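1. Quick check, what structure comes out for this input:
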Amino acid sequence: MSALEQAEVELTVVVGAATLPLSRIMSLSRGDVIGLGRDASGPISVLANGSLFAKAAVTLIGDRVGVELPGGP
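-> Here you go, the predicted model:
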């Protein structure tokens, strides 16, 4: 295995984002839902070291959540 193949890459999966006033954040409690301002069935972004790497889909694997990357050619 080459040194390049052993390099560590940080993957970040961006499901959505929300902007809330601090007062709202401080009043959050268990079970509260925060809207992320996006369609739940739309693609999500996968970042590699902070740069967009792929658009992907959220998938369920049994009772776990996964990310399905688009297929190749």
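2. Point me to the helix or strand that includes Pro70.
-> Using DSSP states H and E, Pro70 sits in no helix or strand.
3. What's the separation between it and Ala7?
-> Pro70 is 23 Å from Ala7, where distance means CB to CB, to the nearest Å. Yep, even glycine has a C-beta here, placed from its N, CA and C like the rest.
4. All the helices of this structure, in order from the start?
-> 22-26 (DSSP state H).
5. what residue ranges in it score low on pLDDT?
-> Low-confidence segments of the chain (pLDDT under 70): 72-73.
6. Scan it for its longest strand.
-> strand 51-61 (DSSP state E).
7. Buried residues in it, which are they?
-> In terms of neighbour count (16 or more other CB atoms under 10 Å), strand 51-61 has its buried residues at Ala54, Ala56.
8. residue contacts, Val13?
-> For Val13, the contacting residues are Ile44, Ser45, Val46, Leu47, Ala56, Val67, by CB atoms under 8 Å, 6 or more residues apart in numbering.
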